[in-house]
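Engineer: Okay, sequence plus prediction incoming.
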Amino acid sequence: MPDYSLLDKPIFLKLIFYPRKDFTACPENAFDLPVQVDQNVLIYCRFYPGDLTWPWIIYFHGNGEVVSDYDDLAPLYNQLGLNIVVADYRGYGASDGKPSFTNLLKDAKSIFAAVIEQLSARGYKRELWVMGRSLGSLSALELACHYPEKIKGMIIESGFADVSKVMKHLEHLPEEIKLPGFNQECLDLVGRITIPALVLHGQDDDIVPVQEAKTLFEYLGTPRKKLLLIPGAGHNDLMYTGFRQYFKAIQEFINESS
C-alpha cells in the first residue's frame, strides 16, 4: 500500500490542503452527523436524504470545499433518485484537528463505518456507492479497495491515482525529494479495485491533467469500468460545463450496477 506518511510534511500539506472553517446551518431536509475519528477529534458529515428506498452515495469533496458547499448541489442528486452524504476532512468546516494524508485515509474508514451504522439505525436502504472529487478520490479509492463487498461501485471526478504526480505537474514537488516506488504502489492499489467504476474528467483540466484520468482508468482492476471525458471542461467547472452528460453518466452507471 502507498506510504502517505512520506507526504505528511508541512511543505506538501500546505500546498494540497486548503481547510476552510465555513459551516452553515443544516438545511431543513438534511441532517449532520459528527464522527469520532480520534481522541477529541470529530469530523462532520451531512446527509441529504430523498427517500428511504433510494441508494446512497458517500461523497468526498475537493481540497478547498466543505460539506455546506453541497447544500445547493445535493438536490441535483436527489432529482436522480439518489441520496447523498458528504464528508468533511480534519480542519474543514466544523471538524476538529489538522488535515494530513495519513489521517485522510484512516478517517475515511471511520466515516464509512459510521455512515453504514447511521443508515441502518434510520431504516435507510444500505445500497452504497462511493464518490471522490479531486483530493477526495484518494478516500474513494481507499474504500473501494478495502470494502468491495459493501460498496456497489465507485465514481471518480477530476481525480488521480498518485497525488505526488499532481504536485510535480504543478511544480510543487522539489526534484530533490524522492519517493521511490510510491507511484507503483498507488497503481497497485488501483489495480486491486474490482467493483464497477466510473471516471469523469475534463479534457481541459489544467490542475489534474486528463492523462491522470486515463492512467487511473487503465490500471483499474475491474473490467466493469467507464471513462467520460468532457470537452471544454476544466477542473472546477466539470459539472456545469457537461451538466447533462455528467448526471446522465452517473444515473446510468448506478442503474446498470444496481
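Structural biologist: Yep, that arrived.
Engineer: what mean pLDDT does stretch 50-64 have?
Structural biologist: The average pLDDT within stretch 50-64 is 96.
Engineer: show me where the stretch 51-200 of the chain has helices.
Structural biologist: 74-78, 101-122, 136-146, 163-169, 182-191 (DSSP state H, counting those that start in this stretch).
Engineer: for the longest one, which positions count as buried?
Structural biologist: Think helix 101-122. 101, 103-105, 107-108, 110-112, 114-116, 118-119 (16 or more other C-beta atoms under 10 Å). C-beta here means a position set from N, CA and C on the backbone, and glycine is covered the same way.
Engineer: Residue 32: what secondary structure?
Structural biologist: Recorded secondary structure, residue 32: strand (DSSP: H, G, I helix; E, B strand; the rest coil).
Engineer: Distance of it relative to residue 118?
Structural biologist: 11 Å (C-beta to C-beta, to the nearest Å).
Engineer: same check, this time on residue 82
Structural biologist: 17 Å.
Engineer: Find the residue at the geometric middle of this structure.
Structural biologist: In the chain, the residue lying closest to the centroid (C-alpha atoms, centre = their mean) is residue 132, at 1.8 Å.
Engineer: Local confidence estimate at that one?
Structural biologist: 98.
Engineer: pretty sure it contacts residue 144?
Structural biologist: No - counting by C-beta atoms under 8 Å, residue 144 is not a contact partner of residue 132; they are 9.0 Å apart.
Engineer: Could you tell me which residues touch both of the two?
Structural biologist: residue 154 (C-beta atoms under 8 Å, 6 or more residues apart in numbering).
Engineer: quick revisit: in the sheet, who's paired with the residue nearest to the centre of the chain?
Structural biologist: When bridges are called by DSSP bridges, residue 132 pairs up with residue 60, residue 156.
Engineer: same question, residue 83
Structural biologist: Beta-bridge partners recorded for residue 83 (DSSP bridges): residue 56.
Engineer: Wait, it touches residue 48, no?
Structural biologist: Yes - counting by C-beta under 8 Å, residue 48 is a contact partner of residue 83 at 6.7 Å.
Engineer: shared neighbours of those two, which are they?
Structural biologist: Taking C-beta under 8 Å, 6+ apart as the criterion, residue 83 and residue 48 both touch residue 77.
Engineer: Can you check the pLDDT for residue 174?
Structural biologist: For residue 174, the predicted pLDDT is 60.
Engineer: what does the one 4 residues further on give?
Structural biologist: You'll see residue 178 listed with a pLDDT of 69.
Engineer: can you list the weak-confidence ranges in the stretch 101-250 of the chain?
Structural biologist: 171-178 (pLDDT under 70).
Engineer: give me that answer again for 90
Structural biologist: 125-126, 164-181 (pLDDT under 90).
Engineer: Next one: residue 24 from residue 90, what distance?
Structural biologist: Distance from residue 24 to residue 90, counting by C-beta to C-beta: 19 Å.
Engineer: Give me the more crowded residue out of these two.
Structural biologist: Higher neighbour count among residue 24 and residue 90: residue 90, with 20 against 13, using other C-beta atoms under 10 Å.
Engineer: who touches that one in this structure?
Structural biologist: If you count contacts by C-beta under 8 Å, 6+ apart, residue 90 has them with 19, 37, 41, 43, 96-100, 103-104, 107.
Engineer: Would you reformat those as TSV and include distance to residue 227?
Structural biologist: Converted to TSV, the contacts of residue 90 look like this (distance: C-beta to C-beta, whole Å):
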residue	distance to residue 227
19	31
37	32
41	36
43	31
96	37
97	35
98	35
99	29
100	30
103	30
104	25
107	28
